[in-house]
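>>> what shape does this take:
(chains A and B)
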Number of protein chains: 2
Amino acid sequence: MAEKVFRSMDGNEAASYISYAFTEVATIYPITPSSPMAAHVDEWSAHGMKNIFGSRVKLMEMQAEAGACGALQGACEAGSLGTTYTSSQGLMLMIPPMYRIAGLQLPAVMHVAARTVASISVSIFGDHQDVMACRQTGWAQLASSSVQECMDMGAVAHLSAIKGHVPVQHFFDGFRTSHEIQKIEVLDFVDMAKLVDYDELKKFRDRALNPEHPTLRNTGENDDIFFQHREACNPVYDAFPGVVEGYMQKISELTGRDYKLFNYYGAPDAERVIIAMGSVCGAAREVVEYLTAHGEKVGLIQVHLYRPFSMKHFLDAIPASCKVLTSLDRTKEPGALGEPLYEDVSSALLESGRKVKLLGGRYGLSSKDTTPAQIKAVFDNMAGDQKNHFTVGINDDVTFRSLPVGENIVTSGKSIISCKFWGLGSDGTVGANKNSCKIIGDNTDQYVQAYFQYDAKKSGGLTRSHLRFGHEPILSSYYVTMADFVACHKQSYMHSYDILSEVKPSGIFLLNTRWKGEQLAANLTNRTKRLLAERNVQFYTIDATSIAEEIGLGNRTSTVLQAAFFKLSGVLPIDEAVKHMKDAVVKTFSRKGEKIVNMNLTAIDRGLEDLVRIDVPAEWAVLKDETPAVDGSLPGFVRDVLIPMNRAAGDSIPVSVFSGNSDGIMPVGTARYEKRGVADNVPVWDADKCIGCNRCSLVCPHAAIRPFLFTDEEAAAAPESCVTKKAAGKGFEGYSYRIQVNVLDCQGCSSCVNVCPAKGKALSMVPLDNVLAEQKN
Amino acid sequence: MAEKVFRSMDGNEAASYISYAFTEVATIYPITPSSPMAAHVDEWSAHGMKNIFGSRVKLMEMQAEAGACGALQGACEAGSLGTTYTSSQGLMLMIPPMYRIAGLQLPAVMHVAARTVASISVSIFGDHQDVMACRQTGWAQLASSSVQECMDMGAVAHLSAIKGHVPVQHFFDGFRTSHEIQKIEVLDFVDMAKLVDYDELKKFRDRALNPEHPTLRNTGENDDIFFQHREACNPVYDAFPGVVEGYMQKISELTGRDYKLFNYYGAPDAERVIIAMGSVCGAAREVVEYLTAHGEKVGLIQVHLYRPFSMKHFLDAIPASCKVLTSLDRTKEPGALGEPLYEDVSSALLESGRKVKLLGGRYGLSSKDTTPAQIKAVFDNMAGDQKNHFTVGINDDVTFRSLPVGENIVTSGKSIISCKFWGLGSDGTVGANKNSCKIIGDNTDQYVQAYFQYDAKKSGGLTRSHLRFGHEPILSSYYVTMADFVACHKQSYMHSYDILSEVKPSGIFLLNTRWKGEQLAANLTNRTKRLLAERNVQFYTIDATSIAEEIGLGNRTSTVLQAAFFKLSGVLPIDEAVKHMKDAVVKTFSRKGEKIVNMNLTAIDRGLEDLVRIDVPAEWAVLKDETPAVDGSLPGFVRDVLIPMNRAAGDSIPVSVFSGNSDGIMPVGTARYEKRGVADNVPVWDADKCIGCNRCSLVCPHAAIRPFLFTDEEAAAAPESCVTKKAAGKGFEGYSYRIQVNVLDCQGCSSCVNVCPAKGKALSMVPLDNVLAEQKN
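Numbers count the residues shown, from 1 in each chain, chains lettered A, B, ... in the order given. A predicted model of the protein is given here:
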């Protein structure tokens, strides 16, 4: 057997990589979060990569997903192995041709980064609403719960479709798995080629449309024969679980990982068992290990093959000792008695007469983080109230379906080091963290995991990077909320977010800040100070912003901060880390010239050298948390929804807050309450230099710069600080104007300065703190 | 209370009529079998009909169903009460906006003539595949099982949507209910207006998009709040079954019919109970009455409100004595453990701990006729083998899931007279039968039912009319296969179909034929003769074809035959019937002139006068049925599929015949085996008169006329009967030609004769029998 090859990649890349092996035609239309799959295939094909048949994938982007799935049918009817990639609304458009593809028993495969379907609102995040809307189409449905499974189950999907003549929808959780980077084993195309059933492949090709031996298909049928004809497919579906099981065994033999239609994990004598599919199984496996280590009799049934649902295999997976079973569904079907998996399990239990109490619950809608504490709550519920049709992960104070969830529990592997980074969208934090993972993944035998959490603002919004490293596979399919190392790359965040609550006792906290000494102390909240002291946190600062400016990198602070991370975290011996970082700099930037390379090499050195260890005064431990001032004049929606969301505390909003908006209708004009103040530097206006062209206002992407026109009377009545200037141009006689900068809306992009045609620039960038301090005076 | 108003209409008309009351905007795209609903609304609106708000419905036809449903959302968001009508593939395109409409809690309503979704083949016929693909969208789903219910439940749908803020999908079986004509009570718009909850309607209008008080909707949400926000709709769904129940009570009070979320029919102490929805409930109610009358403890739970599924109401509907319950699903979801209703019922039973054995089965896919004998088989199965996941109505000799079905049983009401007509598509039989129903429905207190069964050939194909009349509501939701009166309107059908098997003992059989005396006897099969004698059938003939030709009606035989029907069937006193028929002639044709009116009045008289009673010789009773000759050279597909289908015996084809075609792929070139010979008169070619223009061939819609070119050698070598003629025109020197008429493909339309420019016509129409007789010689 060849040496195993490991690489760091996300679920999208894993699924698309393995799909490439078996694909001749890819018919696509991009939709979040599945788009990178098609993008990878397109790129690999353009670079001449070959599938197992020695040919490049032919990729076709259609007008929309309806066309992509129609073309998929066409490709398969013509005898090509066809594949598509999609999510959510896109998948909804594929439903009609999916029935046909299944009816025609074509070996099509689709890889779905499963995502919420728009209802009260659009969400690009992950749950199973989209794939569950396909469960009646006759496609097989195969679920992956991790990045490694995206690769392994992806292979099973294609191989089984060819051998078994049933199209396969392979799905995994959008964002959580599609965008989670893990170091995984890459399957070898040579091995894959050996697993194909070439006899069945030939049968498929022989039945394809061919003018040499024409056939008729897509006929119309009436009530006299349709029913009989439709039932003729039963043997194909009856056989399919066996086909999939066979390939799972083959992949298990090849990889040493153990795949079954239904995998069981946990105590052999478990009394309380969860059944679920998708990424939650990672967290659930951790919790099962944690609880069994504490003597509890619990277990997990992980569903891989959801359709066809094999009752026999399901029943075999339940431990004989099981007394209570809970089905966790990552979807909501309003008006249904229970969610899909719950209903399937109900049917199987009732039919078999198996005496197991069944409960069901919803979790994780739209990527709601599903934590070990929530899973524990599900196990506790089985031992306690046995609430059915519950939700977990939210506070439902309206219909009271949610389970109470206890304190966080730490269930990830003992060797795992966890890190969390708070950054500004487009500040380079995410890119640097991906690079760090690559360095660690490629150069050590450590496993790595990285997940990047974005807010809806994209550029200029909040990004949180969740990184884990360790010597064992990383199952933790949830956010890092208690870390060994926490970095805050933006000092203003210290006012906005409760960052210190995520640092483990004796953990490390790194703050990128210009604040020094007294100013630093003055800018930290009591709560931050107390947590620093109470938890004995190793507190470091670095002024990466100034360093980057100083060495010519402008606002690109990420290399400085990456170096600081490697030095402080100790994930790698520092010399080794520095070598790899510097190699990466040379590799990445050498085509941009020596100057750029040298600036980045300097940034690494300065990131190591300029770290400042801050002594945390013991007396901070007794400081009292500030009571947040509540502005009674704020509209309820702003107070109860907008402000918590902007504090990154939206998860804590209870259901009742949305009672008046349960139809999705929201108030307008709320942006005015959202002053984020995320720019390090903001423009100030120099009336003397301004020529009144208004270009700064036109170009500002955040509407932070607005020109105002005043009559002479208004200008005269304005306060002194409201500087105005005579307006020029025909028709503006008797007017003066002013360029108003709303500095808290500014994101510091400098577009206004760059576009200003005035000699010496009428706008110049100044630290936000200075401007705010001046405004206060 | 106002006098009840009854009218004969089909399910489409009933649903669209009541929808008109509550609709302000109808956004539509036509698709079989739902198209007539939108067509009615369009017509009524064009004629100025007013809804309960005093306005005409604004109807908009969109580019497809996706747009129709998008526009529906838009209309509702703007505060209008919106409605759409659709089926099958069209409904599939509506799925994405359906989620949004439900999320926004808009009171949209759609009426669905439920239809098969294309898989192995397209079928325009009815089952629940399409609506079951919507069960996860958050729409309520309300099922009607009869034409009357289309009206009554249609009202409940609109009223509940307004009061309860959940959009409602009201569905009924495509063709079986959408196209079945029944005499039903028409609800009064004035009564409907009184039932609207105007407070809730105002709330809906107040929340609509309005520039005076703008709101934001269709926002984007992230993982922090989506889940909580989504759960906020729970109270709306929890309350909705109560809302629907309330309106069912109101409609019940108004009409005297008893509607519940789950209606129970049958023995109070039933041990075996069926649960089902849609038209099958009609047949099932009959069978329950039949079996309980025979002392069997059986019952039926009819589902009206399928979503939200109210467990409480469901459990309350099960008799305490129930030991076995069978869920009948009119859909197939390959790979699912069980079909949707089965799984819901499973969950409810498991959850409640109710000790009832559950079985599930599929029936009636794509309008497969579901007969009392099949329903009885389902009850028998509960008492016997208790086979689960069965099918009923077909012979599954592959996976052996089908139930054995016994002999036909007669379960329809005692007062019911049933009639069956075998006609040629476009021969006027269907129109005449609709007219007969109208005459009987409008002028007597009898109930009427009419269902028209078409084959896939449309014009020129086989039409079977199934009519019932009687003094009690007609529940029989299945074909007439054992009739008091049977008519065959086309003599050649006596060779093709087993028509006599459908005549009750002592029933009446009317044959439209030119055959007389010996010729008649010679043309009847032994089987026909035997059945005529054995069953003591009253056998009549009439030569409507000759009569119609003689009095100038050309091939329009239907009035003659309608008169004969009224005379023989005795549904009405004949004088009364004649008066109504003649009134109808005057009303229908008066604008076409006196001549046409008189021809039709004469046709009525001749239909009464020219009937010939045929004496059936007693010795026919001992004739032996012919053994059909099997042509061993025929391809298997032709022998096993095509020929039975063409014999109208496709229902008897077992599943095994399709084993090699379970992917829907069919052989080509089978039309050559389908020689129907349905024309009364066919063209013969007169070479002498022909000018060789080939127009006859160009114009023939059935490719029955084909010109052939011969070289001189070929012409010389041809047999004598192959008459040829020298071809004219440059380049045709040395060639002769022939116009070949394939008389068995001809449908007798005369287009060729009409288009022939030759003096005196080179083609003339001659009775098919004569041509065939000559060819034999």
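
>>> what about the strands in the stretch 351-500 of chain A?
Remark: strands assigned in the stretch 351-500 of chain A by DSSP state E, counting those that start in this stretch are A:357-363, A:390-392, A:417-424, A:447-454, A:462-470, A:483-488.

>>> dump those strands to TSV, plus mean pLDDT and distance to chain B.
Where C-beta positions appear, they are placed from N, C-alpha and C, glycine not excepted. Formatted as TSV, those follow (pLDDT from 0 to 100; distance: least, CB to the nearest CB, whole Å):
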stretch	mean pLDDT	distance to chain B
strand A:357-363	98	6
strand A:390-392	98	6
strand A:417-424	96	15
strand A:447-454	95	8
strand A:462-470	96	11
strand A:483-488	97	19
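
>>> can you check the pLDDT for A:Val608?
Not quite, residue A:608 is Leu, not Val. At A:Leu608, the model reports a pLDDT of 96.

>>> again with the one 3 residues further on
Predicted confidence (pLDDT) for A:Leu611: 97.

>>> the residue nearest to A:Arg176 when sequence neighbours are not counted and chain B: what is the separation?
Spatial nearest neighbour of A:Arg176, chain neighbours left out: A:Ser279 (4.4 Å); criterion: CB to CB, 6 or more residues apart in numbering or on different chains. Relative to chain B, A:Ser279 is positioned 13 Å away (CB to the nearest CB, to the nearest Å).

>>> burial measure for A:Ser279, as a count.
Per other CB atoms under 10 Å in any protein chain shown, the neighbour tally for A:Ser279 reads 32.

>>> quick one: contacts for it?
A:126, A:145-146, A:172-173, A:176-177, A:180, A:370, A:477 (CB atoms under 8 Å, 6 or more residues apart in numbering or on different chains).

>>> please apply the same query to A:Cys488.
Going by CB under 8 Å, 6+ apart, A:Cys488 touches A:422, A:494, A:499, A:509-512.

>>> in helices, which of these appear?
Cross-referencing these against helices under DSSP state H gives A:Met494.

>>> nearest to B:Asn435 among the contacts of A:Cys488?
Using CB to CB, A:Trp422 is the member of the contacts of A:Cys488 that lies nearest B:Asn435, at 79.3 Å.

>>> so the residue nearest to the closest one when sequence neighbours are not counted versus A:Asn523, what's the distance?
Of all residues not flanking A:Trp422 in the chain, A:Cys488 sits nearest, at 4.6 Å (CB to CB, 6+ apart). According to CB to CB, to the nearest Å, A:Cys488 stands 12 Å off from A:Asn523.

>>> who touches both of these two?
In terms of CB under 8 Å, 6+ apart, A:Cys488 and A:Asn523 are both contacted by the residues A:Met494.

>>> relative to chain B, which of the contacts of A:Ser279 is nearest.
Using CB to the nearest CB, A:Gly126 is the member of these that lies nearest chain B, at 8.3 Å.

>>> give the closest residue to that closest one in space, chain neighbours not counted.
A:Gly174 (3.3 Å).

>>> could you do A:Arg514 as well?
Using CB to CB, 6+ apart, the nearest residue to A:Arg514 is A:Asp543, at 5.4 Å.

>>> what's the neighbour count on the residue in the stretch 501-650 of chain A that chain B sits nearest to?
Here the stretch 501-650 of chain A gets closest to chain B at one residue, A:Gly650, 2.8 Å apart by CB to the nearest CB. Around A:Gly650 there are 20 other residues, counting by other CB under 10 Å.

>>> so who does it touch?
A:Gly650 makes contact with A:641, A:644, B:222, B:224-225, according to CB under 8 Å, 6+ apart.

>>> A:Gly48 now?
A:Arg56.

>>> element containing it?
For A:Gly48, there is no helix or strand it lies in under DSSP states H and E.

>>> phi, psi for it please.
Phi and psi for A:Gly48, reported as degrees, to the nearest 10, are phi 90, psi 10.

>>> beta partners of A:Phe421?
Beta bridges link A:Phe421 to A:Ser465, A:Ala487, judged by DSSP bridges.

>>> confirm for me that it is in contact with A:Arg464.
Yes: A:Phe421 lies in contact with A:Arg464 (CB atoms under 8 Å); the separation is 6.9 Å.

>>> neighbour-wise, which of the two wins?
Counting neighbours by other CB under 10 Å for A:Phe421 and for A:Arg464 shows that A:Phe421 has the greater number, 28 against 22.

>>> show me what contacts the more buried one?
A:429, A:433, A:463-465, A:467, A:486-487, A:489, A:565.

>>> quick check, nearest of these to A:Asn218?
Using CB to CB, A:Thr463 comes nearest to A:Asn218 of the contacts of A:Phe421, at 48.5 Å.

>>> once you drop chain neighbours, what's closest to that closest one?
Per CB to CB, 6+ apart, closest to A:Thr463 is A:Gly423, 4.6 Å.

>>> what residues does the stretch 151-300 of chain A put near chain B?
Applying CB under 8 Å from any CB of the partner chain, we find that the stretch 151-300 of chain A lies next to chain B at A:165-166, A:207, A:214-238, A:240.

>>> could you do the stretch 601-750 of chain A as well?
A:641, A:645, A:648, A:650-651, A:653-655, A:657-659, A:661-668.

>>> now list the buried members of those residues.
A:641, A:645, A:648, A:650-651, A:653-655, A:657-658, A:661-666 (16 or more other CB atoms under 10 Å in any protein chain shown).

>>> spatially, which two of those are the most separated?
Greatest spatial distance among those (CB to CB): A:Ala648 and A:Asp663, at 26.4 Å.

>>> flag the shaky bits of the stretch 1-150 of chain A, pLDDT-wise.
Residue ranges of the stretch 1-150 of chain A with pLDDT under 70: A:1-2.

>>> for the stretch 401-550 of chain A, which residue gets nearest to chain B?
Going by CB to the nearest CB, chain B is nearest to A:Ala456 of the stretch 401-550 of chain A, at 5.5 Å.
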